[in-house]
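Chemist: what follows is a protein structure lacking sequence information:
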């Protein structure tokens with residue numbers, strides 16, 4: 001980077017990307033070699049401007065930590081936390097007890113407050129259904145705006161592919177619902193939107209709830225008044241018998257390494273109501289456990305607790321996530 005902290009081109013092709021994984025910051029080294037098709041097209045995320053390399057470099061660093069370009073994916077809240085360190089909050093529209101009114105209040109408040117990033121994810125859909133409504137199955141979209149006009153609830157979304165837009169109510173083709181007054185209220189140039197598909201579209205809230213299964217809000221950590229980091233060592237040899245007497249579960253691992261180590265996860269409920277400690281044990285290893293605790297009272301009166309428990313230690317076996 002230059003003296004002002006901005007990234008610059010490195011003639012040696014070596015870059016370092018700082019990401020947030022397993023509760024800690026990690027610096028990942030990558031080169032500038034990128035996958036290409038036989039006809040020379042990039043087969044990874046990239047900017048529409050050929051001079052911009054940062055999109056592909058950041059993606060490569062993220063995928064390097066997660067095992068490679070065949071990474072099956074996670075969710076946009078987790079991804080955003082890794083990229084920015086902003087605290088994720090998740091709403092499942094299919095969850096029992098889901099309150100659509102409460103979610104809309106959070107979305108409106110989040111939009112007005114500003115210190116957050118909002119994304120949404122679609123349900124699994126058949127190819128025929130996805131084509132009919134103009135959405136991508138099991139795909140994340142960025143939320144650009146949340147607006148309420150005379151009782152009508154609208155959201156402006158962007159497909160990160162910069163193409164393929166919603167075809168239902170309040171889409172670019174819905175000239176009946178897009179009255180002059182409504183277009184003026186949300187400052188929407190329908191004529192310009194019809195000219196090209198850039199992946200940006202408006203969708204009404206009921207349609208969002210019908211086709212999207214997850215809403216993710218990532219909050220600026222500067223909003224949280226308290227942040228506590230706890231670092232400790234847990235010795236498997238000294239605690240094996242206690243772990244076996246308590247609630248013990250077998251970790252799910254890849255088949256080829258099951259014979260190499262017997263690993264268990266031991267959940268320990270702390271004496272406080274707000275903290276859960278997770279200890280990992282191996283028959284041959286001592287595991288360092290990193291616990292991050294962030295506790296805050298939000299300006300909306302919401303009292304939340306965000307806890308991340310993931311081992312800050314790289315094992316020989318490919319353990320990736322503990323949920």
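Modeler: Alright, I've got the coordinates. Model, not experiment: these values are computed from the prediction.

Chemist: listing partners with orientation, what would you give for the helix or strand hosting residue 90?
Modeler: Element membership for residue 90, per DSSP states H and E: strand 87-92. Paired neighbours of strand 87-92 in the sheet (DSSP bridges): strand 212-219 (antiparallel).

Chemist: what about the partner strand, average pLDDT?
Modeler: Averaging pLDDT along strand 212-219 gives 95.

Chemist: run through the stretch 201-323 of the chain and note the low-pLDDT ranges.
Modeler: Scanning the stretch 201-323 of the chain for pLDDT under 70 picks out 229-323.

Chemist: show me where the stretch 1-150 of the chain has helices.
Modeler: Secondary structure of the stretch 1-150 of the chain by DSSP state H, counting those that start in this stretch: the helices cover 54-65, 76-84, 100-113, 127-133.

Chemist: rebuild these as a markdown table, extending it with mean neighbour count, mean pLDDT and distance to residue 25.
Modeler: From N, CA and C alone the C-beta is placed, and that goes for glycine too. Shown next, in a markdown table, are those (neighbours: other CB atoms under 10 Å; pLDDT from 0 to 100; distance: least, CB to CB, whole Å):
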| stretch | mean neighbour count | mean pLDDT | distance to residue 25 |
| --- | --- | --- | --- |
| helix 54-65 | 18 | 94 | 12 |
| helix 76-84 | 20 | 92 | 10 |
| helix 100-113 | 15 | 90 | 25 |
| helix 127-133 | 13 | 95 | 37 |
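
Chemist: nearest to residue 147, out of these?
Modeler: helix 100-113 (8.2 Å; CB to CB).

Chemist: give me the contact list for that closest one.
Modeler: Under the contact criterion CB atoms under 8 Å, 6 or more residues apart in numbering, helix 100-113 has outside partners 91, 93, 116, 118, 143, 145-146, 148, 153, 155, 205, 209, 215, 217, 299-300.

Chemist: then stretch 29-40?
Modeler: 10, 13-17, 42-44, 46, 53, 56-57, 60-61, 64, 69.

Chemist: and what of stretch 164-179?
Modeler: The contact list for stretch 164-179 (CB under 8 Å, 6+ apart) reads 132-136, 154, 157, 159, 188, 190, 193-194, 197, 199-204, 207.

Chemist: so among these, which ones count as buried?
Modeler: 133-136, 154, 157, 159, 188, 193, 197, 199-204, 207 (16 or more other CB atoms under 10 Å).

Chemist: inside strands: which ones of the residues you listed?
Modeler: Counting by DSSP state E, the buried ones among the contacts of stretch 164-179 place 154, 157, 200, 201, 202, 203, 204 in strands.

Chemist: kindly state the beta-bridge partners for the second one.
Modeler: Pointing back at residue 157 there. residue 143, residue 201.

Chemist: which residues touch it?
Modeler: 120, 141, 142, 143, 144, 166, 200, 201, 202, 203.

Chemist: export those to CSV and tack on distance to residue 77?
Modeler: Below are the contacts of residue 157 laid out as CSV (distance: CB to CB, whole Å):
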residue, distance to residue 77
120, 10
141, 13
142, 12
143, 12
144, 17
166, 22
200, 21
201, 22
202, 23
203, 20
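
Chemist: which member of the residues you listed is positioned nearest residue 5?
Modeler: Nearest to residue 5 among those is residue 142, at 25.2 Å by CB to CB.

Chemist: so how far is residue 46 from the closest one?
Modeler: Residue 142 sits 17 Å away from residue 46, going by CB to CB, to the nearest Å.
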